[in-house]
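> this is a predicted model, with the sequence first.
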Amino acid sequence: MNKRTVLMVGVLLWVGTLFAQQPKPTNWIWGPSVGWKYQRGNFLTVSGWGLFAPNHHQYIKIDAGANFTWMQDQSTVIPELGITYYLSDKLIFPFLGAEITPYTITPKVGIGIFSLIDLGVGYGWRLQTKNNFKSIAGLSASIKLNIPLNFHLY
């Protein structure tokens, strides 16, 4: 064997051991979500989220995304940040949450089914009104599908 072959075999073994190692433990589940929200108009919501467990029976989800709508003959995209506090880890997870956009802050209550499907209601208070757009403050209702991309907590 020449030096080049030994070096190639060594590099392949080294790379193989890197890929064979167990993943580092994580206590976050994360993924994308898609849903519908009504708040003085219909919105398609798309976001990315992360969920962690502060203890053995409650969860907190943080998400960031955008709301897409067609109102007043124009398409609009509104960024949104949200936090959801799941109060239980049974089949039905009751939750408290809040969402904030540049235009509203919306506290919510609802239920999650294994935190995969969230059904929520709330009320949005106006922070400001978007130029050439109606105020979107008021009653809010939503349904969201959360798609976990990593299923295991270590």
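Everything's here; your move. Predicted, not measured: the structure shown is a model, and the values here were computed from it.

> list the single closest residue to Trp70 in space, sequence neighbours excluded.
Distance criterion Cβ to Cβ, 6 or more residues apart in numbering; nearest residue to Trp70, sequence neighbours excluded, is Thr76 at 7.6 Å. The C-beta positions use only the backbone N, C-alpha and C, and glycine is treated the same way.

> wait, that neighbour touches Phe133, no?
Yes - the criterion here is Cβ atoms under 8 Å, and Thr76 meets it with Phe133 at 6.5 Å.

> list the contacts of whatever helix or strand the residue nearest to Trp70 lives in.
In the assignment (DSSP states H and E), Thr76 maps to strand 74-86. Residues outside strand 74-86 that contact it (Cβ atoms under 8 Å, 6 or more residues apart in numbering): 43, 45, 47, 58-70, 93-103, 108, 112, 115, 118, 130, 132-133, 136.

> list only buried entries from those residues.
Of the members of those, the ones counted as buried by neighbours, 16 or more other Cβ atoms under 10 Å, are 43, 45, 47, 59, 61-63, 65, 67, 69, 93, 95, 97, 99-101, 103, 108, 112, 115, 118, 136.

> that'll do, ta.
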